[in-house]
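[1] The sequence and its predicted three-dimensional model are supplied below.
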Amino acid sequence: MFKAEQIYFEYTQTAEEDSAPANYVALNGVDAEIQKGEFVAVVGRNGSGKSTFAKHLNALLSPTSGTLWVNGAATSKEENIWQVRKSTGMVFQNPDNQIIASVVEEDVAFGPENLGVEPGEIRRRVDGSLAAVRMADFAKAAPHILSGGQKQRVAIAGVLAMRPDCIVFDEATAMLDPLGRSEVLETVAALNGEGITIILITHFMEEVVIANRVFVMNEGVIEMDGSPREIFGQSKKLRELGLDVPHMTALAHELADLGVPVSRGVLTVGEMLFELTAALKL
Amino acid sequence: MILAAENLTHIYQRGTVFEKKALDGITMSVPKGAFAGVIGHTGSGKSTLIQHFNALLEPTSGKVWLDGEDLFAADKKKRKRLREKVGLVFQYPEHQLFETTVQKDIAFGPQNMGLSSDEVSRRVAEALEWVGLPKEAAQLSPFELSGGQKRRAAIAGVLAMKPEVLILDEPTAGLDPRGKNEILGQIKKMHESAGNTVILVSHGMDDVARLADIIFVMNNGRIEFSGSPAEVFREADKLAKIGLAVPQVYLLLRELIKRGADLPQNIFTAEAAAQAIKKLYEH
């Protein structure tokens, strides 16, 4: 689906009055290959290059040097951009900045309308997309009455209606309350189950657990690449990179250090319960 | 008692078709020197409530008591003095940075309070230290700072006014884990050394459980219930019904206790839980 080869990206700041023009290298040689149907979580400190990388995946940004191929098409070629944007959809952080129409179903129809899809097919896509995010009951509602989690699901439906192969979530749960977050995550997992490639950028380590692969970014490169269990097994290195491990993994490390026989690879409450039931002979 | 609301009601756009009762008869009190948490789903009224505490919003009915005085009965001059006791850090406060240097931005509040320039400089230096920004950052433009540093600079601007009551609305939203832990750690440290009252509005149940000594749970413009973290999270089912979660460590201990483990329920951090489980294991 994606292949990145040594991509570099430099933001150029326009010079203000007396200050010297400052350039900022956001991506410093990213190599990565992502297969169709994968669920990749991307974590890293603020400023590590996560969002810049994400914006390359649908050609919102084009590498300063290096190449990114989306389904075999290089994003740096002008003639490929249309195809790339159709195959990769994005959902952003702020639920209030992504909805433009005054009725939910019109908002979802906006994408396919712009693609020139015929009306009958638009209807089918809108209904199907709203059903997929469990928002069909709100098709005629005004977006402003929705909760944050509901708005984000409408934004996801709008992307789905364009029939993408991949959806990139750029901190799409950062502004939501716990219920909104779990609504969105359930939707994300279900879409992945249907074969859509997922790229999930997040600061919540608990969300990473549901991915099948994790990229840890640091200073513009992918510093670590592995399954959640492999990545969170290296808690010391993660902390050095300014990150953390899920609460239950932190507890597992504490317990193992204290001599209680539990696996350091524990990620969830369920797994910890299983380990402790055995260790404590409950 | 430093801060209290009495039957506080707020209706937005009253008399129009958009009329919305955001606060519905809130009665609550925050003891002086407390670290209070306010939790509730989006739209439950949290932000509306805290904006009454420094008179940014006026109640439709009801009262706010600040340090024993009725905030909205006070005349203009007195109200200004009362408002200075309350520092409010909004969501994404870095959007409100506006000065040409970090130093000037932080100094804006204390200057408006009429403090001498020596005192203002002292406060700026102190505030920078509290939020963990290096001295050199003072001369930079706020826009040269990273996201996490901007957030710190914005919080420093409120801290420099040394408010008796510090209110923070989701102060760590969008920050990476280290940035989040550092900012919360510094707020806690400042609370412990200065003895000020802190009100933390947050969706991070683990953070609220770990930091707060009293928690207010909001739902539909009301205080659904309140109490110590142990008292509040005991109501896990009620919390789930109104869209809130229970800290994971709490959840784990509850399940272990259900299975017969002799463990305390009143624990919210991995470190403390590990110690308790180790004791039981060695027993």
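    Yep, it's here. Numbering: from 1, shown residues only, chains lettered A, B, ... in the order given.
[2] For A:Ile199, which non-adjacent residue is spatially closest?
    A:Val168 (4.4 Å; C-beta to C-beta, 6 or more residues apart in numbering or on different chains). Every residue, glycine included, has its C-beta placed from N, CA and C.
[3] So for the one you found, what pLDDT did the model give?
    Note on A:Val168: pLDDT of 95.
[4] try B:Ile242
    88.
[5] The closest residue to it other than its chain neighbours: how many residues sit nearby?
    In space, and not counting its chain neighbours, B:Ile242 is closest to B:Asn219: 4.4 Å by C-beta to C-beta, 6+ apart. B:Asn219 has 20 neighbours, counted by other C-beta atoms under 10 Å in any protein chain shown.
[6] who are the neighbours in contact with B:Asn219?
    B:Gly40, B:His41, B:Ser44, B:Ile242 (C-beta atoms under 8 Å, 6 or more residues apart in numbering or on different chains).
[7] what's the neighbour count on the third one?
    The tally of other residues near B:Ser44 (other C-beta under 10 Å) stands at 24.
[8] Chain A versus that one, what's the distance?
    Using C-beta to the nearest C-beta, to the nearest Å, B:Ser44 is found at 8 Å from chain A.
[9] where's that residue, which helix or strand?
    According to DSSP states H and E, B:Ser44 maps onto no helix or strand at all.
[10] Check which helix or strand the closest residue to it other than its chain neighbours maps to.
    Leaving aside its sequence neighbours, B:Ser44 sits nearest to B:Met218 (C-beta to C-beta, 6+ apart; 4.3 Å). Per DSSP H and E: B:Met218 is located in strand B:214-219.
[11] Quick one: name whatever helix or strand follows that strand.
    That would be, after strand B:214-219 and using DSSP H and E, strand B:222-227.
[12] for that following strand, packing partners?
    The elements that strand B:222-227 packs onto, with contact taken as 3 or more C-beta pairs under 8 Å, 6 or more residues apart in numbering or on different chains; DSSP states H and E, are strand B:20-30, strand B:214-219.
[13] what are the pairing partners of it, and which direction each?
    Strand B:222-227 sits in its sheet next to strand B:214-219 (antiparallel), going by DSSP bridges.
[14] pLDDT on the partner strand, on average?
    Per-region confidence: strand B:214-219 scores 96 on mean pLDDT.
[15] Just want the angle from it to strand B:20-30.
    Going by axes from the mean of the first three to the mean of the last three C-alpha atoms, to 10 degrees, strand B:214-219 is angled at 170 degrees with respect to strand B:20-30.
[16] how far out from the middle of the chain is strand B:214-219?
    12 Å (C-alpha atoms, centre = their mean, to the nearest Å).
[17] quick revisit: ok, the residue nearest to B:Ser44 - contacts?
    Taking C-beta under 8 Å, 6+ apart, one finds B:Val38, B:Ile39, B:Gly40, B:Ser44, B:Gly45, B:Lys46, B:Leu49, B:Glu224 in contact with B:Met218.
[18] Please apply the same query to B:Arg210.
    B:Pro247, B:Phe268, B:Thr269.
[19] Provide the secondary structure category for B:Gln51.
    What DSSP: H, G, I helix; E, B strand; the rest coil gives for B:Gln51 is helix.
[20] Can you list the buried residues in stretch B:144-156?
    For stretch B:144-156, a neighbour-count test (16 or more other C-beta atoms under 10 Å in any protein chain shown) marks B:Leu145, B:Gly147, B:Gly148, B:Gln149, B:Lys150, B:Arg151, B:Arg152, B:Ala153, B:Ala154, B:Ile155, B:Ala156 as buried.
[21] you'd agree the fourth one is in a strand?
    Meaning B:Gln149. No - applying three-state DSSP, one finds B:Gln149 to be helix, outside a strand.
[22] How about it, nearest residue that isn't a chain neighbour?
    B:Leu133 (6.4 Å).
[23] Equivalent analysis for the third one, please.
    Taking C-beta to C-beta, 6+ apart, and ignoring the residues beside it in sequence, B:Gly148 has B:Gly179 as its nearest neighbour in space, at 3.9 Å.
[24] dump the residue contacts of the one you found.
    Going by C-beta under 8 Å, 6+ apart, B:Gly179 touches A:Arg45, A:Asn46, A:Gly242, B:Gly148, B:Arg151, B:Thr172.
[25] one step back: now for the contacts of B:Met218, which pair is the farthest apart?
    The distance between the two most remote of the contacts of B:Met218 (C-beta to C-beta) is 12.9 Å, for B:Leu49 and B:Glu224.
[26] who has more neighbours, those two?
    Neighbours per residue, other C-beta under 10 Å: of B:Leu49 and B:Glu224, the larger number sits with B:Leu49, 27 against 19.
[27] residue contacts, that one?
    For B:Leu49, counting by C-beta under 8 Å, 6+ apart, the contacting residues are B:Ala5, B:Leu8, B:Leu23, B:Ile26, B:Val38, B:Met218.
[28] burial of B:Asn181, as a residue count?
    Neighbours of B:Asn181 under the rule other C-beta under 10 Å: 16.
[29] Would you confirm that it belongs to a strand?
    No - counting by three-state DSSP, B:Asn181 is not part of a strand but helix.
[30] so what's B:Ile26 bridging to?
    Bridge pairing for B:Ile26 - DSSP bridges - gives B:Leu8.
[31] neighbours around it, how many?
    23.
[32] do stretch A:146-164 and chain B meet?
    Yes - using C-beta under 8 Å from any C-beta of the partner chain as the criterion, contacts between stretch A:146-164 and chain B involve A:Ser147, A:Gly148, A:Gly149.
[33] wait, doesn't the last one sit right on A:Asp177?
    What that stands for is A:Gly149. Yes - the criterion here is C-beta atoms under 8 Å, and A:Gly149 meets it with A:Asp177 at 7.4 Å.
[34] hey, what's in contact with both of those two?
    B:Thr42.
[35] Show the backbone phi and psi for B:Val64.
    The phi/psi pair for B:Val64 (degrees, to the nearest 10) reads phi -120, psi 130.
[36] Apart from its neighbours in sequence, what residue is nearest B:Lys85?
    B:Glu164 (4.5 Å).
[37] and that neighbour, how many residues sit next to it?
    Neighbour number of B:Glu164 under other C-beta under 10 Å is 18.
[38] That one and chain A, how far apart?
    Counting by C-beta to the nearest C-beta, the gap from B:Glu164 to chain A is 29 Å.
[39] okay, that residue: pLDDT?
    Note on B:Glu164: pLDDT of 95.
[40] just the one 3 residues further on next, same as before
    At B:Ile167 the predicted local distance difference test score is 97.
[41] With A:Glu16 instead?
    For A:Glu16, the pLDDT comes out at 51.
[42] Quick check: bridge partners of residue 169?
    In the absence of a named chain, this looks at chain A. A:Val91, A:Leu200.
[43] Sorry, I should have been clearer: chain B.
    According to DSSP bridges, beta-bridge pairing links B:Asp169 with B:Val201.
[44] For B:Pro229, which non-adjacent residue is spatially closest?
    B:Ala209 (4.6 Å).
[45] any chance you could map the helices in the chain?
    No chain was given, so I picked chain A. A:50-57, A:81-87, A:104-114, A:119-132, A:148-160, A:178-193, A:205-208, A:228-232, A:235-240, A:247-257, A:269-279 (DSSP state H).
[46] looking at chain B here, not the other one
    Counting by DSSP H, one finds helices in chain B at the ranges B:46-53, B:76-83, B:102-112, B:117-131, B:147-159, B:177-194, B:205-211, B:229-233, B:236-241, B:248-258, B:270-282.
[47] Go through the longest one and flag the buried ones.
    Neighbour-count burial for helix B:177-194, counted by 16+ other C-beta under 10 Å, picks out B:Pro177, B:Arg178, B:Gly179, B:Lys180, B:Asn181, B:Glu182, B:Ile183, B:Leu184, B:Gln186, B:Ile187, B:Met190, B:His191.
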